[in-house]
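generate a structure from the sequence data that follows.
(one chain, ligands or ions: 1)
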Amino acid sequence: MEQVEVVIVGAGVIGLAIARHLACRGREVLILEAEGAIGQHVSSRNSGVIHAGIYYPRGSLQQRLCREGRDMLYDYCRTRHVDHARCGKLTVAPDAEAVAGLHELVRRGIANGVDDLHVISAAELREREPAVVGAGAMVSPSSGIVDAPGLMLSLLGEAEAEGAMLALNAPFRAARREGGRFLVEVGDEAGTRLACRWLVNAAALGAWDVARGINGLDASLIRPRHLAKGSYFSVPGRSPFKALIYPMPRVGSLGIHSVQDLGGGVRFGPDMEWVEEVDYSVDPAKAGLFADAIRAYWPDLPEGALQPDMAGIRPRIWGPGQEKREFEMQTPREHGINGLVQLFGFESPGLTACLAIAREVGAHLFEEEG
Ligand SMILES: Cc1cc2nc3c(=O)[nH]c(=O)nc-3n(C[C@H](O)[C@H](O)[C@H](O)COP(=O)(O)OP(=O)(O)OC[C@H]3O[C@@H](n4cnc5c(N)ncnc54)[C@H](O)[C@@H]3O)c2cc1C
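Numbers count the residues shown, from 1 in each chain. Next up, the predicted model:
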């Protein structure tokens, strides 16, 4: 039977960041990926925004990992030549009443360690972004965008250069503990079985099935899975904006905002829809609702310009009507199984935070070694 030190389930941006982190520290790593290519799910179906870390609850894992991960990601992209831009973000207040809310957002951001936020007037907004209309805006200079597929290729390349292995079309099926290690069954054509000392469940939308396959795991720790779909529409041609343009945030959603792509184009999204199945189709009938939301800050959106673009699905551990919950990193402290770390509900800002998440997982995995 094949032996390896660490098995990571899932080759999205988080699994790949963990693989790179561990491989660069001399660990022998195998990544199991169910699909025939890396990053086919959440990591390539998102806004690609490097979040500054303004809104996540103070003291939460999301807030800390976003704040740390943002700086790590800018540094990583700069030194590895991964395409990115610190283009900044403007959160636009539609009227004078909402401007007071902008000052509250600045206070919240500063309390979360984002100390470069400030509010600009309607005139300053017009000067910066002539296409945008509003009574004022909050500027977040450290928000940006990243080429997520390019980032994943870079992480994989570094991990492989340090000896990590990637197995594609290799879905994790089951694992059980025996003699201080995991015996893992892979659902590939060869029916591979292997042994590892450490196991990381970074399967995102598939994390629940992976957890159910781990013998001895307390079933009460596998909370119900909720899926929150976000669709995007694009407009042809070049973006009329320099920065990312956001409406005022609502509970559980940052609203339909603009997303520059690094080639100079623009799309808008995501909306928020609870779904039962993973289905990435975009309903063209949503164009009207999108147009109304976008015209609140870009009144000149041309009639009929919105085209269905793509959709992504947030894996959530909280559902409709429930209180919002943050990232859940289950370590031996929670489940009592040495050598196992599981990630549930790693939605936004998982892309921004991937390098900090990797460092955190590494620290938990090897805690038992001191
Ligand atoms: C609409 C939307 C917008 C977002 N916007 C942003 C943003 O602007 N900024 C930001 O920071 N974050 C954003 N996020 C969050 C970010 O995209 C995610 O946190 C991140 O991509 C999650 O990465 P992952 O590696 O956990 O997931 P994934 O990329 O889904 O990787 C998991 C992998 O596991 C594999 N897998 C599943 N089951 C198995 C199995 N049994 N065996 C083997 N492999 C398996 C899957 O095929 C997949 O490749 C957004 C998310 C969504 C949905």
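
contact partners for Leu343?
Leu343 is in contact with Ile14, Val200, Asn201, Ala202, Ala204, Ala207, Phe327, Glu328, Met329, Gln330, Ile357, Val361, counting by C-beta atoms under 8 Å, 6 or more residues apart in numbering. Every residue, glycine included, has its C-beta placed from N, CA and C.

what about the fourth one, neighbour count?
Ala202: 29 surrounding residues under other C-beta atoms under 10 Å.

is it in contact with Val9, as I believe?
Yes - in this structure, Ala202 is within contact of Val9 by C-beta atoms under 8 Å, at 6.1 Å.

buried sites along the helix or strand harbouring Glu360?
In this assignment (DSSP states H and E), Glu360 forms part of helix 354-365. For helix 354-365, a neighbour-count test (16 or more other C-beta atoms under 10 Å) marks Cys354, Leu355, Ala356, Ile357, Ala358, Arg359, Glu360, Val361, Gly362, His364, Leu365 as buried.

out of those residues, flag the one nearest to the ligand.
Distance to the ligand across the buried residues of helix 354-365 (C-beta to the nearest ligand atom) is lowest for Cys354, with 7.0 Å.

ok so, going back, okay if I get the contacts of Leu343 as a markdown table plus distance to Glu5 and pLDDT?
Shown next, in a markdown table, are those (distance: C-beta to C-beta, whole Å; pLDDT from 0 to 100):
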| residue | distance to Glu5 | pLDDT |
| --- | --- | --- |
| Ile14 | 19 | 98 |
| Val200 | 11 | 98 |
| Asn201 | 16 | 98 |
| Ala202 | 16 | 98 |
| Ala204 | 23 | 98 |
| Ala207 | 21 | 98 |
| Phe327 | 25 | 94 |
| Glu328 | 25 | 95 |
| Met329 | 20 | 97 |
| Gln330 | 20 | 96 |
| Ile357 | 19 | 98 |
| Val361 | 14 | 97 |
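
near the ligand, from those?
Counting by C-beta under 6 Å from any ligand atom, Ile14, Ala202, Ala204 from those sit close to the ligand.

next secondary structure after the helix or strand containing Ala311?
For Ala311, the host element (DSSP H and E) is strand 307-316. Toward the C-terminus, strand 307-316 is succeeded by strand 328-330 as the next helix or strand (DSSP H and E).

how about the residues of the stretch 251-370 of the chain near the ligand?
Checking the stretch 251-370 of the chain against the ligand by C-beta under 6 Å from any ligand atom, the hits are Pro270, Gly312, Ile313, Arg314, Phe346, Glu347, Ser348, Pro349, Gly350, Leu351, Thr352.

my bad, the stretch 101-250 of the chain
Applying C-beta under 6 Å from any ligand atom, we find that the stretch 101-250 of the chain lies next to the ligand at Pro171, Phe172, Ala202, Ala203, Ala204, Leu205, Gly206, Asp209, Val210, Gly230.

rewinding a little: now the residues of the stretch 251-370 of the chain next to the ligand: which count as buried?
For these, a burial check counting by 16+ other C-beta under 10 Å picks out Pro270, Gly312, Ile313, Arg314, Phe346, Glu347, Ser348, Pro349, Gly350, Leu351, Thr352.
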